[in-house]
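Participant: I would like to see how this sequence folds:
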Amino acid sequence: MLDPVAWLDVPQEVSTGTLPGWERVDEIVREAHARYAGERGGRVADYIPVLAEVDPELFGLAVIEVGGGVHDAGDALHPFSIQSISKMFVYALAIQEHGHERVRDIVGVNNTGLAFNSVVALELNEGHPRNPMVNAGAIATTALMPGATAVEQWERVREGLSAFAGRPLSLDGEVYASEAASNDRNRALGWLLKSYGRLAGDPDEIVDVYTRQCALSVTAHDLAVMGATLADGGVNPITGERVVTADVCRDTLAVVAASGLYENSGDWLFEIGLPAKSGVAGGIVAVSPGKGAAAGFSPRLDDAGNSVRSQMAIGHLSRSLGLNLFASAPAQADDSRSGPRSAEKERS
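Facilitator: Have a look, this model is predicted:
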């Protein structure tokens with residue numbers, strides 16, 4: 001692993017580009033929603049009983065610009081549980097509290113290449129969770145939240161995610177009860193982390209806080225605001241409140257790009273080109289630094305547990321709005337251009 005001390009004293013410069021005008025963005029968001037509203041692929045998650053009862057036809061799409069522009073379509077204001085999407089924002093709060101190096105040492109930043117709830121991944125790495133987007137890493141991250149008791153830690157999580165959303169978020173009690181009754185595997189991961197000396201505190205209490213954070217109720221609009229806060233250097237573009245630092249945003253988005261969609265993260269980056277996180281309730285949020293964030297909600301999932309419609313719609317937005325981090329086009333060769341090509345033109 002490279003030692004970041006070699007370049008940490010170099011000032012971080014930023015150059016990200018801009019979105020099209022407000023009317024064009026609004027038109028594209030509505031176009032994407034209409035295009036994929038008829039998609040019927042995938043199926044609703046049924047291993048969490050309460051999620052199996054959700055209307056599969058719900059479909060919301062939202063884009064929030066770093067300048068505060070709001071673009072909602074369809075069921076963008078319909079509430080659902082945040083689930084694993086909470087991992088990226090709790091991770092940001094943990095880095096804000098403890099710093100880049102400590103959180104990296106404890107939780108890690110590398111993809112496991114295995115399932116999100118894998119016990120094998122922990123055993124193969126001597127109890128190190130490897131990254132905060134898998135369940136073991138998320139549990140270890142939640143344990144880093146400040147608070148003398150589990151109740152205090154939970155309140156810090158809720159307050160922190162509410163600051164990202166720009167409004168008070170509340171617990172969906174029905175979802176929490178359903179998940180708490182069926183999360184034996186997460187409790188096992190917690191105790192396994194404890195056995196390796198990688199978890200401070202009572203594993204059952206920490207897993208309970210983690211279960212609560214996954215049961216927070218959000219909308220696609222909320223997720224887009226939360227993502228846009230990371231895109232805007234840690235400032236919520238709707239409320240103007242600074243939630244985390246710009247360095248925390250950079251660290252968080254780097255990890256989300258590598259592992260946000262688990263073992264399929266490479267496929268997502270290859271096709272869509274954006275840091276993104278999904279949840280089994282049907283939400284996905286994708287972030288384009290300096291521009292904004294796109295979020296989708298639709299309950300039908302593919303075999304990997306990712307919303308089918310949301311993936312399609314965000315893929316559409318990535319291409320139409322110029323969000324893909326890896327996309328480029330040749331610069332126009334004109335008299336104002338500096339460098340080898342312009343010099344060659346002058347000699348001719």
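
Participant: what about the helices in the stretch 201-348 of the chain?
Facilitator: 203-214, 220-231, 246-259, 265-271, 308-320, 340-347 (DSSP state H, counting those that start in this stretch).

Participant: which of these is buried the deepest?
Facilitator: Greatest average neighbour count among those goes to helix 220-231 (a mean of 30), per mean count of other C-beta atoms under 10 Å. C-beta here means a position set from N, CA and C on the backbone, and glycine is covered the same way.

Participant: hang on, the earlier thing: as CSV, the helices of the stretch 201-348 of the chain with mean pLDDT and distance to residue 175 would be great.
Facilitator: Shown next, in CSV, are these (pLDDT from 0 to 100; distance: least, C-beta to C-beta, whole Å):
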stretch, mean pLDDT, distance to residue 175
helix 203-214, 97, 8
helix 220-231, 98, 15
helix 246-259, 95, 23
helix 265-271, 92, 25
helix 308-320, 96, 19
helix 340-347, 49, 57
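
Participant: would you reformat the ones you listed as JSON lines and include distance to residue 23?
Facilitator: JSON lines is the format used below for these (distance: least, C-beta to C-beta, whole Å):
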{"stretch": "helix 203-214", "distance to residue 23": "37"}
{"stretch": "helix 220-231", "distance to residue 23": "18"}
{"stretch": "helix 246-259", "distance to residue 23": "28"}
{"stretch": "helix 265-271", "distance to residue 23": "28"}
{"stretch": "helix 308-320", "distance to residue 23": "14"}
{"stretch": "helix 340-347", "distance to residue 23": "35"}
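
Participant: out of those helices, nearest to residue 85?
Facilitator: helix 220-231 (6.5 Å; C-beta to C-beta).

Participant: keeping just the C-alphas, turn that closest one into CSV.
Facilitator: The C-alpha trace of helix 220-231 is given here as CSV (Å, rounded to 0.1, in the frame of the first residue of the first chain):
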residue,chain,number,x,y,z
ALA,A,220,-35.7,9.2,-3.5
HIS,A,221,-35.7,13.0,-3.1
ASP,A,222,-34.0,12.6,0.3
LEU,A,223,-31.4,10.3,-1.1
ALA,A,224,-30.6,12.8,-3.9
VAL,A,225,-30.2,15.6,-1.4
MET,A,226,-27.9,13.3,0.7
GLY,A,227,-25.8,12.4,-2.3
ALA,A,228,-25.7,16.0,-3.5
THR,A,229,-24.3,17.0,-0.1
LEU,A,230,-21.3,14.7,-0.8
ALA,A,231,-21.1,16.1,-4.3
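
Participant: and that helix, what does it pack against?
Facilitator: With contacts taken as 3 or more C-beta pairs under 8 Å, 6 or more residues apart in numbering; DSSP states H and E, helix 220-231 sits against strand 60-65, strand 70-74, helix 86-98, helix 150-165, helix 246-259, strand 283-288, strand 292-297.

Participant: show me what counts as buried in the longest one.
Facilitator: Neighbour-count burial for helix 150-165 flags 150, 153, 154, 156, 157, 158, 160, 161, 162, 163, 164, 165 (criterion: 16 or more other C-beta atoms under 10 Å).

Participant: now stretch 211-229, how far from the chain's geometric center?
Facilitator: Chain-centre distance of stretch 211-229: 9 Å, with C-alpha atoms, centre = their mean, to the nearest Å.

Participant: end to end, how far does it reach?
Facilitator: 24 Å (C-alpha to C-alpha, to the nearest Å).

Participant: what does stretch 167-180 give?
Facilitator: 25 Å.

Participant: what average pLDDT does that stretch get?
Facilitator: For stretch 167-180, mean pLDDT is 96.

Participant: measure stretch 94-104 end to end?
Facilitator: Using C-alpha to C-alpha, first and last residues of stretch 94-104 are 10 Å apart.
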